[in-house]
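1. Sequence plus the predicted model coming up.
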Amino acid sequence: MFMLRNVTKYLFGDTSKESIVEITQGQLYLVRPLSPKGYSELIFKDAAASIRRTGQEFQYQLVVQRAYEEGEEELLAEDEGEDGVAESLGAEKDEKTFLLDEVLHFRSEIREGGEKVLAWRDLSGDPGDLYEFVCDRSVQAGEVGTFEMVAIKCQYERKTRKHQETATEADLQQFNFTEQPIPSASPLASPTVKSTISSTTSKDKGFTESEHTELAGKAKANSKMKPPVREKESTPTTAPKSAVHPVGTATLAKEHAELHLFDFESGTFILQDADVIATVSEVGSWQYWLQIMSTEKDWLGQQVVADINPVFNFEYLSFIFNHYTDDGSAYSWLLRFKDQETEERFQEGLMQALWEQLNETKWKKTDKDEQQYVLDAFQDLAMEDAPEDEDEEEETEDDGQKSEHYDSDESEDDVVVRDEDGNVNSQLAVGYKHDRSFVVRGSKIGVFKHTPNNNLEFSTNISKVETPGGKLFSPKKVMLHQEDSNMILQSENDPHSLYRMDLEYGKVVDEWKVHDDIPVKAFVPDKKFAQMTGEQTFLGISDNALYRVDPRLSGNKLVDSELKLYTSKNAFSTAATTEKGYIAVASDKGDIRLFDRLGVRAKTQIPALGEAIIGLDVSADGHWVLATCRTYLLLIDALQHDGKNEGKLGFERSFAKDSKPQPRRLGLSPSHVAQFQYETKEALSFTPARFNTGVDDKETSIITATGPFIITWNMKKVLQGRKDPYTIKRYEEEVKADDFKYGSDKNVIVALPNEVNMVAKQSFRKPTRESIAGGARISGGRASGRRSSRLARESIVEEAY
């Protein structure tokens, strides 16, 4: 043991290498000794196992990577077609990654005959399922022992958040899991396993969130089967104490259902009660309450607000939602109803409560079509099971390409983590005409160059943003303009004026008074790609006005002939334009208006779901409208598919009264939301979502962020109704702004409080317990020495950025 500890100390100390330890030859199996699915499955015939750093302190990953024989990869690519490798051979085909945590029960074994095996639990499988890495016979026993010792120390660091040098023998012993033999990966007969697992009662019956749609519909059938087993040392998530519920003044829904609770450790929904009553009540002025109780127990009470993240699945009669306790903890619950009629009654009552709470208007005052629009938006449309390997994005553990501007041996001492004035990065503007990105940081703007090999390189900074009169200010909104040669800025202190910065000189050269009485709440280009041209005019909105701004006018710059002023306060919040100049305007009320030009009535008004819209984007051709709310996104098809206006956009012709566009509500699954908040203790709050964009590019991806997570949706998967349309990437700090590099959906530019990264989209991971917990967070580069684009001390301090 002493020798192994000294070897691992040397391995941990060499931080220049991404991998701490590696076994280069072996085979990976998935072994299911207790499952009817089949005993053993060979995952990778030739593979290498390694333990990697993640860039997040005290977090490590166990990685098993497929090894191709010479020419095998090319042959597979030919079999898959021209796009086979990119589209079909995703990370799940070539690499398996696992966050090194004690819950894996990682262990090794040397069997009679000399066979050397590494084994760990399959957390997403059935109880008793194991991954086994069977080492090649050329691998020495000492290599296996070293590998296991490194894994033990990684688990110690994750659990204690202390460096492995501080661990005693007793500290490490708790990660030595030898309670049962490892079953053979290819047995002649079923193995005899010393049991540490016992049958659960039917009350512990669980199903994974990814499989709930298959299993929920078969719950009664499953109850007749042998109940699944659970390992003794796994402690399921327990229900919190129910909140004291207020007295209801009216009942909107009251139905019987089964109640299931999502277990964070196992990733399963576990049945808590076979018969509960779920009641939605009005408890005050625009206040509503969801109460779930049985004859024996008061299970939970929850205020009906947008954060419950409701998802209805009618095919399997389920309703999933989030529940929050007073200390901010989040839990994910599932109700399963006996039939569709019961669920429909409950859905209408709950959605009435949520809609009235958000809009402070009675549900009955809205027409039936609008009510159905709202109900449809909250149904789980993602039901289709497409083949796993069809159209998968290739995922790798690479962080993506980053800046080469900073040396690979740069230490934390060379990086200013916080400016002395307390400012952090706040906004991001990505250039279309020239390969530059601009990051706002207080009253400074950093300029980053996009290199040909998709890295970011710090170029220069604009140290003082000040008015022509010399008054320093921090821009609250920015927009690139006139072939990326200018930037339009707005100061929070003056809503009636805008400023033009000449980016060649890095100086504000003009102040434009827009109007004495009409403020500027937001401003957008005249057309989607106008910033690539010399177009000088652009569009602006206020709470109740939409207008054109022309800087060439003398005096006020608002064009009176292209002003649409509403008498009522519409609470406009944001806008976007298409390539032809069609205009979409959203509001804090949650509705969206579509215009074909300025100065006229909207051709189409899309009803509100309730939440304020904080961001808006439109596909170049106007087919898709993308709206961002705090807890979800809305993807709206603006093309009319039937009726007299078939083939026309909602920008050009009004939708028929009974033919409103079908919304697609893009949200995170409630269990992922609960895990996000379990990790961060913060509520969801999406940044304005964007399509990838380019003059000749179709929109294929959507990007947004919440807290330290950046999330991308695959448009093709969304439109196919796939159950896995999004992937994630976690950082240590909150993501302040994000956008695709112009002309690509493969590279994403991310502004963190004190870093700016360009990251490859292929490094995003499917949301799993490991990737959400932080195993996918990367801030350092690979062994090549590339690092994230942190600002070096001389850049921040001496150059005042």
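-> Done, it's in.
2. I'd say R500 and V549 touch.
-> No: in this structure, R500 is not within contact of V549 by CB atoms under 8 Å, at 11.1 Å. Using the backbone N, CA and C atoms, a C-beta is placed for each residue, glycine as well.
3. Need the residues touching each of the two.
-> W512 (CB atoms under 8 Å, 6 or more residues apart in numbering).
4. what is Q303 paired to in the beta sheet?
-> W289 (DSSP bridges).
5. Could you tell me which residues make contact with it?
-> Taking CB under 8 Å, 6+ apart, we find Q303 in contact with Q287, Y288, W289, L290.
6. Neighbour count: R500 and V549, which is higher?
-> The neighbour comparison of R500 against V549 (other CB atoms under 10 Å) goes to V549, with 23 against 20.
7. how far away is the more buried one from L598?
-> V549 is 11 Å from L598, where distance means CB to CB, to the nearest Å.
8. what residues do the two have in common as contacts?
-> Counting by CB under 8 Å, 6+ apart, the residues touching both V549 and L598 are L539.
9. tell me the contacts of the residue nearest to D122 when sequence neighbours are not counted?
-> Using CB to CB, 6 or more residues apart in numbering and skipping the chain neighbours, the partner closest in space to D122 is D129 (4.0 Å). For D129, the contacting residues are L30, V31, R32, P33, L34, S35, R121, D122, by CB under 8 Å, 6+ apart.
10. Three-state assignment for Q56, please.
-> With DSSP: H, G, I helix; E, B strand; the rest coil as the basis, Q56 sits in coil.
11. pLDDT weak spots in the protein?
-> 1-17, 35-38, 68-93, 179, 186-234, 378-421, 658, 774-801 (pLDDT under 70).
12. Please compute how far the longest strand seen in it lies from its chain's middle.
-> Criterion DSSP state E: the longest strand present in the chain is strand 268-284. Chain-centre distance of strand 268-284: 28 Å, with CA atoms, centre = their mean, to the nearest Å.
13. Which positions within it qualify as buried?
-> 268-274, 276, 278-283 (16 or more other CB atoms under 10 Å).
14. One more: stretch 141-159?
-> Applying 16+ other CB under 10 Å to stretch 141-159 flags 143-158 as buried.
15. Please apply the same query to stretch 240-257.
-> Buried-residue list, stretch 240-257, by 16+ other CB under 10 Å: P240, S242, A243, H245, G248, L252, A253, E255, A257.
16. Next up, identify which helix or strand the last one is on.
-> A257 belongs to strand 250-263 when assigned by DSSP states H and E.
17. Need the CA coordinates for that strand. CSV is fine.
-> Extracted in CSV, the C-alpha atoms of strand 250-263 (Å, rounded to 0.1, in the frame of the first residue of the first chain):
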residue,chain,number,x,y,z
ALA,A,250,-62.7,27.5,-4.3
THR,A,251,-61.6,24.1,-5.8
LEU,A,252,-60.4,24.0,-9.4
ALA,A,253,-59.5,20.3,-9.6
LYS,A,254,-59.6,17.3,-7.3
GLU,A,255,-58.6,13.9,-8.6
HIS,A,256,-57.2,10.5,-7.4
ALA,A,257,-53.8,9.4,-8.6
GLU,A,258,-50.6,7.4,-7.8
LEU,A,259,-47.7,9.5,-6.3
HIS,A,260,-44.1,8.9,-7.2
LEU,A,261,-41.0,10.8,-6.0
PHE,A,262,-37.7,11.1,-8.0
ASP,A,263,-34.7,9.6,-6.3
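18. how close does the residue lying closest to E41 once chain neighbours are set aside get to Q65?
-> Nearest residue to E41, sequence neighbours excluded (CB to CB, 6+ apart): L30, at 4.6 Å. L30 sits 16 Å away from Q65, going by CB to CB.
19. I445 is in contact with T460, correct?
-> No: T460 is beyond contact range of I445, at 9.5 Å (criterion: CB under 8 Å).
20. Give me the more crowded residue out of the two.
-> In this view T460 and I445 are compared by other CB under 10 Å, and I445 has more residues nearby, 25 against 15.
21. Next up, the contacts around the more buried one.
-> The neighbours of I445, taking CB under 8 Å, 6+ apart as the test, are F438, V439, N461, I462, V465, P475, V478, M487, G506, Y801.
22. now the residues you listed in CSV, with distance to E41, secondary structure and neighbour count?
-> Formatted as CSV, the contacts of I445 follow (distance: CB to CB, whole Å; DSSP: H, G, I helix; E, B strand; the rest coil; neighbours: other CB atoms under 10 Å):
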residue, distance to E41, secondary structure, neighbour count
F438, 50, strand, 22
V439, 47, strand, 26
N461, 54, strand, 21
I462, 57, strand, 22
V465, 59, coil, 24
P475, 56, strand, 23
V478, 53, strand, 22
M487, 56, strand, 25
G506, 60, coil, 16
Y801, 53, coil, 21
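23. nearest to F106, of those residues?
-> Ranked by distance to F106 (CB to CB), the contacts of I445 are led by V439 at 40.9 Å.
24. Assign a three-state SS to the residue nearest the centre of the chain, would you?
-> Residue closest to the average C-alpha location in the chain (CA atoms, centre = their mean): I711, at 2.9 Å. What three-state DSSP gives for I711 is strand.
25. pretty sure the residue nearest to E41 contacts G125?
-> Yes: using CB under 8 Å as the test, L30 is close enough to G125 to be in contact (7.4 Å).
26. Looking at these two, which has the bigger crowd around it?
-> Per other CB under 10 Å, whichever of L30 and G125 has more neighbours is L30, with 20 against 17.
27. The helix or strand harbouring that one pairs with which strands, and in what direction?
-> For L30, the enclosing helix or strand under DSSP H and E is strand 19-31. With DSSP bridges as the test, strand 19-31 is paired with strand 40-53 (antiparallel), strand 130-135 (antiparallel).
28. which residue lies farthest from the center of this protein?
-> The centre of the chain is farthest from one residue, G113, which by CA atoms, centre = their mean lies 47.4 Å away.
29. Return the distance of that residue relative to S184.
-> 11 Å.
30. Please apply the same query to V508.
-> Applying CB to CB, the value for V508 to S184 is 73 Å.
31. thinking again about what came up before, need phi/psi at the residue farthest from the centre of the chain.
-> Note on G113: backbone dihedrals following degrees, to the nearest 10 are phi 100, psi -10.
32. could we number from 20 for the rest of this?
-> Okay, using 20 as the starting number, the last item reads as G132.
33. got the contact list for it?
-> Counting by CB under 8 Å, 6+ apart, G132 has no contacts.
34. And it, how far from Q376?
-> 67 Å.
35. buried sites along the helix or strand hosting Q696?
-> Q696 belongs to helix 689-699 when assigned by DSSP H and E. Across helix 689-699, burial judged by 16+ other CB under 10 Å covers P689, S690, H691, V692, A693, Q694, F695, Q696, Y697, E698, T699.
36. And for stretch 659-679?
-> Q659, N664, K667, L668, G669, F670, E671, R672, S673, F674, K679.
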